[in-house]
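A.B. asks: Provided below for reference: sequence and predicted model.
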Amino acid sequence: YNIIWDLQRELPQMEFQYKENSGHGATVLFAYNYAIARGATYIFQTDSDGQTNPEEFLEFWKQREEYDMVIGSRKQRGDGLFRKFASKVLKFVIKITLHVDVEDANTPFRLMKVETLKKYLPKVPKDFYLSNALLTALFIKYHEKVKFIPISFQARQAGKNSINLEKLVHTGWNTLQDFRKINK
């Protein structure tokens with residue numbers, strides 16, 4: 001935390017918000033709502049595990065006015081076959097439930113216009129595990145302007161992978177059911 005506090009002293013406009021871990025989906029929803037409540041115009045989201053390259057942000061920022069969402073597309077993945085399989089399953093579930101084709105739904109590197117994001121946040125269940133995937137699918141389903149940009153993606157530098165086969169099956173089944181409900 002010392003690094004964050006030091007950085008906040010250097011950049012007073014930066015706010016640090018501590019939150020107990022409640023899962024990835026609930027955490028990003030909390031962060032999105034936090035930023036919206038403070039008047040953000042754009043929200044950029046990336047994970048803290050070091051898999052994405054912050055230097056690639058500039059290309060996203062350059063295209064912010066043209067698109068409602070600019071999202072990274074992981075062409076080369078350094079996170080193993082299991083994660084790649086999970087992404088393919090997610091893509092399939094989105095296709096059969098929401099009837100949209102999504103290049104890379106759950107990429108943890110995205111820039112969104114707040115005015116568009118606010119239209120879809122109420123459609124995401126409060127504790128939904130795959131909030132980003134659902135938001136990406138909804139933006140595409142309702143014909144918002146979405147652009148995928150290839151990003152580099154490497155092995156995890158921090159934290160640990162929480163996905164295992166049992167969790168994948170459980171999450172996949174719940175996601176299928178949730179996406180069906182949301183589509184109605």
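C.D. replies: Thanks, I have the structure now.
A.B. asks: need the contact list for residue 116.
C.D. replies: 68-69, 139, 144 (CB atoms under 8 Å, 6 or more residues apart in numbering). C-beta coordinates here come from the backbone N, C-alpha and C atoms, glycine included.
A.B. asks: let's go with 10 Å and repeat that
C.D. replies: By CB atoms under 10 Å, 6 or more residues apart in numbering, the contact set of residue 116 is 67-69, 135, 138-139, 142, 144-146.
A.B. asks: measure the residue positioned nearest the centre of the chain to residue 13 for me?
C.D. replies: Centrality entry for the chain: nearest residue to the mean C-alpha point is residue 132, 3.7 Å, by CA atoms, centre = their mean. To residue 13, residue 132 is 25 Å away according to CB to CB, to the nearest Å.
A.B. asks: look up the closest residue to the residue nearest to the centre of the chain, ignoring the ones flanking it.
C.D. replies: Closest residue to residue 132 apart from its sequence neighbours, by CB to CB, 6 or more residues apart in numbering: residue 106 at 5.3 Å.
A.B. asks: okay, now the one you found: neighbour count?
C.D. replies: If you count neighbours by other CB atoms under 10 Å, residue 106 ends up with 24.
A.B. asks: again, but for residue 111
C.D. replies: Residue 111: 23 neighbours (other CB under 10 Å).
A.B. asks: could you pull up the mean pLDDT of the helix or strand hosting residue 120?
C.D. replies: If you go by DSSP states H and E, residue 120 is part of helix 114-120. Mean per-residue pLDDT for helix 114-120: 98.
A.B. asks: got the CA coordinates for the following helix or strand past it in PDB?
C.D. replies: Counting by DSSP H and E, the next helix or strand C-terminal to helix 114-120 is helix 131-141. What follows is helix 131-141, C-alpha atoms only, in PDB (Å, rounded to 0.1, in the frame of the first residue of the first chain):
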ATOM      1  CA  SER A 131     -19.600  -8.700 -15.500                       C
ATOM      2  CA  ASN A 132     -17.100  -7.600 -18.200                       C
ATOM      3  CA  ALA A 133     -18.100 -10.500 -20.500                       C
ATOM      4  CA  LEU A 134     -21.800  -9.600 -20.200                       C
ATOM      5  CA  LEU A 135     -21.100  -5.900 -20.700                       C
ATOM      6  CA  THR A 136     -19.100  -6.600 -23.800                       C
ATOM      7  CA  ALA A 137     -21.800  -8.800 -25.200                       C
ATOM      8  CA  LEU A 138     -24.500  -6.200 -24.400                       C
ATOM      9  CA  PHE A 139     -22.600  -3.400 -26.100                       C
ATOM     10  CA  ILE A 140     -22.300  -5.600 -29.200                       C
ATOM     11  CA  LYS A 141     -25.900  -7.000 -29.100                       C
END
